[in-house]
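1. Okay, sequence plus prediction incoming.
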Amino acid sequence: MASFAASAQKASDDESDSVNSGARQASRKPGRYEEVRQQMSNTESIMQRKASPETSRTSVGGRGRPLQVVVANEPYQFSLNTASLKQIFQDPRVVDSKVAILSVAGSCRHGKSFLLNFFLKYLRAQGALPWLNNEENVLEDGFSWVTGVEPHTSGIVMWSEPFMVRDSKGDTVALLLMDTQGAFNCESTLKESIHIFSLSVMISSIQIYNLSSNIHETDLQHLQLFTEYSKLAMAEGIDRAFQHLVFLVRDWQYPYQYPYGAAGGQALIERRLQTFDSQHPELRDLREELRKCFSRISCFLLPHPGFKATVGEHFKGEIKDLEEGFKTSIFHLVPFLIGKDNLVVKEFKKSPLTGKEIMEYFMTYFNIFRTNELPHPKSVLQMTSEANNLAATTVAQDHYTKTMNRKFGEGKPYAEPKAIRTQHEITKQESLRIFDLTPKMGSQELSDAYARKLDAHLDEWFVEFAKSNDLKVTGQLGMTPGILFVTIVVLYTISGLLTLLSLDFLSFVPDVVSYCVVGLLVTWLLVKYTGEHQDVSDVVDGIAVAIWQAVYLPIWIRIDHNAAKDGSSPTPR
C-alpha cells in the first residue's frame, strides 16, 4: 500500500490543477394523493436474475444493498418495482432533500458494477485518505458482479442507502448510485438498450457513459434521441435539457497522445466533438446539438486494470491485483465526479429537485420507455411536462398536509370548525401559489388542469381533517360531561352519608362543591350548543381532565392492580 499511496499522492500533487480546473467548469395523507400515482406503473413483482454463489458477490449487513428498481422480464419487457423505488426516494433523508444521482450506462461486460464499488468505498470513507487500500477487497459489501463474458446486471439497480454529502455551497445532498444493464450488444435488443439508457440519462444528474478503448462515431449516435429531445425542450425555455455527461473510456491505449485522467480525456472529447466546414452536415449537426444538450460534457481516460483482474478466473476484486496506474486513475476519477466541488445536484430549470419529485419523474419516464415502440422525442417532452406538473403538485400538497397536520393532526386538541376552515383557506392558497411558482414546462392549459385537480384534492383533504376533528370532539363530548356527572353523583352520595351519620355540619361541603360542578356542566353544554366562547369550554375540559387524573385515575389503577393480583381483571385484556 505504501508504494501505491506514494504514487497516488505524487500524481495528486502533479495533476490537481488540471483535474480541478476541468472539474470546476462545470406526512403523508393516506388514500387521496395515491389516486394520482395510480396513473403510474404499480408493478410489485421482483424478478431479479441471480448469479451463481461461486462468482457473484452482493452486499450484506446494515450498510445498504443493491435494489432492483427496473426488472427485466421475459421476453424483452420491463416492469417497475415500485416498492424498491419508494424505499429509496421516500427515505426520510432523501424525500425532502436535494438529490444527486450518479448512473453508469454503456456496453455490457465493461465493468460498470465493478466501477461503482470504488465509489462506494470512497463514500463510506467520506473521502478520507487512504480510502483505497491494497489489503482490502474493493467489491466486498457492494454491487453484485461476476467475471467472464456473460452479462450479469439486468434492468436498473440502485443502492438502497443514500450518502449524505456536502456540495460546494455547503448544502446537504443525498447522493444515490445507479447501475444499469449492458446496452447496444450482448443479449439486449436495440429497443431495450435505448429504453434503459434513456431512463438512466433522464433521471441522473451525473451520467457516466462507459466505453471501451475509444470514443467511436456509433457511441455519439446513440445520443441522437437526446439531441432531438433537447431541441424541443429548448423551445419550452429550457437552456440545457441534461446535466453532466462523462465519457469514461476504459482500457485506453494511447496515453502518449492523450494522457490518462481528466486532462487527457477533455482534450480527446474536444477533438471528437470538433466541427469544421468540410464535415458531413449530419455529423456536424450531431456534435453541435450534443453541446447544447448537456450543461457539461467531460471525459476521463482509464488504463487497463491488469491481466490478473481480467484474465484470471479466480479474481475476487482484491486491490493488490490491480495495476498501479489503474488504481492511481481511479483515485482521481471518483472525487473528480462526486467530490465536494464537482457534485452535480439534479435540477429542472436550474431549480433543485427533491427525492419525492424525482420519484414522480422516474415513474412517468418509465411508463413511456416501457413500451415496445421506440419513444418519439415529442412523446418524451409531453411526458416530461406531465412529470414536472405532477412533481409541482406533490410539493404543493406536501406543504398543505404538513401545515394542517401540525395544527390539527393526530395528538392535537379539538378545534372549532370555523378555525379549521379558515386555516384550510389560508394553507390552500399558499399551496396553490407554491404550485404556480414551481418551474414547469408545457402549455398553460396543462398547468391549469393540474391546478384544478390540486384545488379539488385540497378540498377533499379538508373534509378528511374536519372528520378527524369531529372524532376528537365526540370523544371529548363523552369524557368531560361523563367525569362531571360522575363527580356530581359521588358528591351527592357523600353528602347523603354524612347526613345519615348526623354530620350535617360537614355535609354542606360536598353540597357546595356539587353545585359548582353542576354549574360547570351546564356552562359546558351551553357553550357546545351555541358554538361560542370556546375558550370557556376549554377551561372546563381542563378541569375535567384534572379531576380524572387526581381522583379517578389513581383509584382505577389501584383496582386494576389488585384485580391483576387476584388473577382477574375489571377489563378484558
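-> Structure's in. What do you need?
2. Just the helices from the stretch 251-400 of the chain, written as ranges.
-> Using DSSP state H, counting those that start in this stretch, the helices of the stretch 251-400 of the chain run over 262-272, 281-293, 307-310, 324-338, 355-369, 377-408.
3. between those helices, which one is nearest to Phe114?
-> Taking C-beta to C-beta, helix 307-310 is the member of the helices of the stretch 251-400 of the chain nearest to Phe114, at 8.4 Å. For the C-beta atoms, the positions are set from N, CA and C on the backbone; glycine is no exception.
4. returning to that earlier point: and among the helices of the stretch 251-400 of the chain, the most buried is which?
-> The highest mean neighbour count among the helices of the stretch 251-400 of the chain, using mean count of other C-beta atoms under 10 Å, belongs to helix 355-369: a mean of 23.
5. tell me the angle that helix makes with helix 377-408.
-> Orientation of helix 355-369 against helix 377-408 (axes from the mean of the first three to the mean of the last three C-alpha atoms, to 10 degrees) gives an angle of 150 degrees.
6. Run a quick neighbour tally on Tyr492.
-> Neighbourhood size, Tyr492 [other C-beta atoms under 10 Å]: 13.
7. circling back to that earlier point, could you tell me the least trusted of the helices of the stretch 251-400 of the chain?
-> Among those, helix 307-310 carries the lowest mean pLDDT, a mean of 68.
8. who's in contact with His304?
-> Residues in contact with His304 (C-beta atoms under 8 Å, 6 or more residues apart in numbering) are 250-251, 310, 323, 326.
9. I'd like those laid out as a markdown table, including distance to Ala466.
-> Listed next are the contacts of His304 as a markdown table, based on distance: C-beta to C-beta, whole Å:
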| residue | distance to Ala466 |
| --- | --- |
| Arg250 | 61 |
| Asp251 | 66 |
| Thr310 | 66 |
| Glu323 | 69 |
| Phe326 | 65 |
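10. Hmm, Ser84 is touching Val71, no?
-> No. Ser84 is beyond contact range of Val71, at 9.1 Å (criterion: C-beta atoms under 8 Å).
11. most residues in a single helix of the chain, which one?
-> Assignment by DSSP state H gives helix 444-500 as the longest helix of the chain.
12. Which residue of this structure lies farthest from its centroid?
-> Residue distances from the centre of the chain (C-alpha atoms, centre = their mean) peak at Ser502, which lies 75.9 Å from the mean C-alpha position.
13. and it, helix, strand or coil?
-> Of the three states, Ser502 takes coil according to DSSP: H, G, I helix; E, B strand; the rest coil.
14. Which pLDDT value goes with it?
-> Reported pLDDT for Ser502: 76.
15. how close does the closest residue to Phe366 other than its chain neighbours get to Ile420?
-> Distances taken as C-beta to C-beta, 6 or more residues apart in numbering place Leu80 nearest to Phe366, at 5.0 Å, with adjacent residues excluded. Distance from Leu80 to Ile420, counting by C-beta to C-beta, to the nearest Å: 38 Å.
16. And Lys121, by the same measure?
-> Lys121 sits 52 Å away from Ile420, going by C-beta to C-beta.
17. Show me which of those two is the more surrounded one.
-> Lys121 (22 against 19).
18. pretty sure Val95 contacts Thr354?
-> Yes. Val95 is in contact with Thr354 according to C-beta under 8 Å; the separation is 6.7 Å.
19. pretty sure Met158 belongs to a helix, no?
-> No. Assigned with three-state DSSP, Met158 falls outside any helix and is strand.
20. Beta-bridge partners for it, please?
-> Residues in a beta bridge with Met158, per DSSP bridges, are Leu67, Met178.
21. Could you do Met164 as well?
-> Ala174.
22. Now do the phi/psi pair for Tyr256.
-> Backbone torsions of Tyr256, given as degrees, to the nearest 10, read phi -70, psi -20.
23. Over to Pro303?
-> Main-chain dihedrals, Pro303, degrees, to the nearest 10: phi -70, psi 170.
24. And the strands in the stretch 201-350 of the chain?
-> Per DSSP state E, counting those that start in this stretch, the stretch 201-350 of the chain carries strands over the ranges 206-212, 242-250, 294-301, 347-348.
25. How far does the last one sit from its chain's centre?
-> If you compare the mean C-alpha spot of strand 347-348 with that of the full chain, they lie 15 Å apart, counting by C-alpha atoms, centre = their mean, to the nearest Å.
26. quick one: strands adjacent to that strand?
-> Within its sheet, strand 347-348 is paired with strand 351-352 (antiparallel), according to DSSP bridges.
27. And the contacts of the strand it pairs with?
-> Strand 351-352 is contacted from outside by 98-99, 345-346, 438-439, using C-beta under 8 Å, 6+ apart.
28. Buried ones from those residues, can you make that a PyMOL selection?
-> The PyMOL command for the buried members of the contacts of strand 351-352 (criterion: 16 or more other C-beta atoms under 10 Å) is given here:
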select buried, resi 98+99+345+346+438
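29. now, among the contacts of strand 351-352, which is nearest to Ser198?
-> Ser198 lies nearest to Lys346 out of the contacts of strand 351-352, by C-beta to C-beta, at 16.1 Å.
30. pLDDT wise, what is the closest one at?
-> Looking at Lys346, the pLDDT reads 93.
31. these two touch, right, it and Ile206?
-> No. If you go by C-beta under 8 Å, Lys346 and Ile206 don't touch, sitting 9.2 Å apart.
32. what touches both of these two?
-> Contacts common to Lys346 and Ile206, judged by C-beta under 8 Å, 6+ apart, are 100-101, 243.
33. Closest to Arg65 out of the residues you listed?
-> Distances from Arg65 to these, taken by C-beta to C-beta, are shortest for Ile101, at 17.6 Å.
34. how about the closest one, what does it touch?
-> Counting by C-beta under 8 Å, 6+ apart, Ile101 touches 175-178, 203-206, 346, 358.
35. just curious, which of those is nearest to Trp159?
-> Distance from Trp159 was checked for each of those by C-beta to C-beta. The minimum falls on Leu177, at 4.4 Å.
36. Can you name the residues that contact the residue lying closest to the closest one once chain neighbours are set aside?
-> Ranked by C-beta to C-beta, 6+ apart and with sequence neighbours excluded, the top spatial neighbour of Leu177 is Trp159, at 4.4 Å. Counting by C-beta under 8 Å, 6+ apart, Trp159 makes contact with 64-67, 116, 120, 143, 176-178.
37. could you redo the last one with a cut-off of 7 Å?
-> Trp159 makes contact with 64, 66, 176-177, according to C-beta atoms under 7 Å, 6 or more residues apart in numbering.
38. lowest average confidence, helix or strand, in the protein?
-> helix 34-37 (a mean of 34; mean pLDDT, DSSP states H and E).
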